[in-house]
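S.K.: here is my input; please provide its structure:
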Amino acid sequence: MRLRIIPLLLSMLIAALVACSPAASAPQTESTNAINVVTTIGMIADVVKNVGGEWVNVTQLMGPGVDPHLYTATENDVATLTNAQIIFYGGLHLEARMTDIFEQIGKSRPVIAVGEAVPEDRVLSAAGSEFPDPHIWMDVELWALVTEKITEELGKFDPPNAATYTANAEAYQAQLAELDKYAQDQINRVPAEQRVLVTAHDAFHYFGAAYGIDVFAPQGITTAAEAGVEDIRRTIQVIVDRQVPAIFVESSVPPDIVEAIVAGVEAQGRTVAIGGSLFSDAMGNSGTPEGTYSGMIRHNVDTIVSALLGLPAE
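M.R.: Numbers count the residues shown, from 1 in each chain. The predicted structure follows:
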C-alpha cells in the first residue's frame, strides 16, 4: 500500500509546484539573470556549461557514482525541476523512473530529451530488449549532435545570445573532434584480435561500434535488469575462449558481477585481471579531469588500452 501512496503524493506535489511556478521565460537583462538550467546527468551538464558559458546557471541532479537507470526523484529534485527555465535530460529510456515528472513539467517550460538529436538509424538496441540503448555519449561523434541540439534550444529560448551559444559550441565541438580522433588512434594501438571489452553492464556498445572493439557484458543496457547465471557463464566463456587479459568495473555499478566473473574464469584454470574502473553512466568528481566529458572519455580510453596491452595504468 505504501509503495502506491508515495508515487501518488509525488505526483500531487509536482502538479502543485507546476501550478504555482511561473512559466519559463528568457532573461530580460544582462548576465545577472543567467538562464536557470537543470540537467540529469553530468555529461549533459558539461555540454550546457560549455555552450552556455556565463549565460547559464546549471544544476545537475545526478552526481558522480549515481546510476540514472535506477534514479528516483526526491521532493527536492521536483522543486529544483519546477524552478528551472529549461530542463535537459537524456531520454531513450535512460531516466526511466522520471518520465512522468518530465511530462508534467514539460507543460509549462521547455523539457528536452537530447537523445532525440540522434537519427533513428543510429540508435542502437540490445538483443532481447524492448528499449533503445541510451548510452549515446560513448560515441563522441554522436555527442557532437547532442551539442548541436542543446545549442539550438538555448538559442531558441534566448535569441539575443544565440550567436554566443553558436560560437561557444563551435569551440567545444573542435575539442570533441580532437577527442574522437584521440579515442580512435589509441584503440588502434591494440591488435584487432585483442580488442575485446568486457564490463558489468551493456553501456559501451556505442563505444564499440564507433572505435572498432567487441563489447560483452552480462547485464543489459539498463541496470534495472538483473544479470542471470547464464549471462555470467556466457561472459566467462568469452573471456576464456578469446583469452581476454582484463575486464572492467564501472564507477556507477557495484563490482560484485565482475568479481563473480573473475572467480568463474579462475575456476576454469585461467586468470583475468580487473583492468580498472570505467565511467559509464556518470562522470568523475567535480574539479578532476574525469569530472568533464572529455576527461571521462580519455580516462576510459587510456584505461582500456593500457589493460588490454598489459601496460601499467597511465
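S.K.: all the helices of the stretch 1-150 of the chain, in order from the start?
M.R.: 2-20, 42-52, 75-82, 99-105, 140-157 (DSSP state H, counting those that start in this stretch).
S.K.: among those helices, where is the model least confident on average?
M.R.: When those are compared by mean pLDDT, helix 2-20 comes last with a mean of 48.
S.K.: residues contacting D214?
M.R.: Residues near D214 by Cβ atoms under 8 Å, 6 or more residues apart in numbering: R195, V196, L197, G208. (Each C-beta comes from the backbone N, C-alpha and C, glycine too.)
S.K.: and the residues you listed as JSON lines, adding pLDDT and distance to N50?
M.R.: Listed next are these as JSON lines, based on pLDDT from 0 to 100; distance: Cβ to Cβ, whole Å:
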{"residue": "R195", "pLDDT": "96", "distance to N50": "31"}
{"residue": "V196", "pLDDT": "96", "distance to N50": "33"}
{"residue": "L197", "pLDDT": "96", "distance to N50": "28"}
{"residue": "G208", "pLDDT": "97", "distance to N50": "26"}
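S.K.: neighbour-wise, which of these leads?
M.R.: When neighbours are counted as other Cβ atoms under 10 Å, the busiest of the contacts of D214 turns out to be L197, with 26 neighbours.
S.K.: and after the host helix or strand of that one, which helix or strand comes next?
M.R.: Assigned by DSSP states H and E, L197 belongs to strand 196-198. Per DSSP H and E, the first helix or strand lying C-terminal to strand 196-198 is helix 205-211.
S.K.: and the next element down the chain from that following helix?
M.R.: Immediately after helix 205-211, counting by DSSP H and E, sits strand 214-216.
S.K.: show me what the following helix or strand past that next one is packed against.
M.R.: Going down the chain from strand 214-216, the next helix or strand is helix 229-242, by DSSP H and E. Other helices and strands packing on helix 229-242, by 3 or more Cβ pairs under 8 Å, 6 or more residues apart in numbering; DSSP states H and E, are strand 196-198, helix 256-267.
S.K.: pull the most distant pair out of the contacts of D214.
M.R.: Spanning the widest gap among the contacts of D214 are V196 and G208, at 9.5 Å by Cβ to Cβ.
S.K.: and the strands in the stretch 51-200 of the chain?
M.R.: 56-60, 86-89, 111-113, 196-198 (DSSP state E, counting those that start in this stretch).
S.K.: helices or strands next to the last one in the packing?
M.R.: With contacts defined as 3+ Cβ pairs under 8 Å, 6+ apart, the packing partners of strand 196-198 are strand 214-216, helix 229-242, strand 246-250, helix 293-308.
S.K.: export the longest one as CSV, just CAs?
M.R.: As requested, the backbone C-alpha atoms of helix 293-308 are provided in CSV (Å, rounded to 0.1, in the frame of the first residue of the first chain):
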residue,chain,number,x,y,z
TYR,A,293,33.0,14.8,-20.6
SER,A,294,36.4,14.9,-22.4
GLY,A,295,38.3,13.8,-19.3
MET,A,296,35.9,10.9,-18.7
ILE,A,297,36.3,9.6,-22.3
ARG,A,298,40.1,10.0,-22.2
HIS,A,299,40.2,8.1,-18.9
ASN,A,300,38.1,5.3,-20.3
VAL,A,301,40.2,5.0,-23.5
ASP,A,302,43.6,5.1,-21.6
THR,A,303,42.4,2.6,-19.0
ILE,A,304,41.1,0.2,-21.7
VAL,A,305,44.1,0.4,-23.9
SER,A,306,46.6,0.0,-21.1
ALA,A,307,44.9,-3.0,-19.6
LEU,A,308,44.4,-4.8,-22.9
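S.K.: which ones are touching the residue nearest the centre of the chain?
M.R.: For the chain, the residue sitting closest to the mean C-alpha position, by Cα atoms, centre = their mean, is D281 at 4.2 Å. Under the criterion of Cβ under 8 Å, 6+ apart, the neighbours of D281 are I41, V66, D67, P68, H69, H135, A203, T223, E250, S252, V253.
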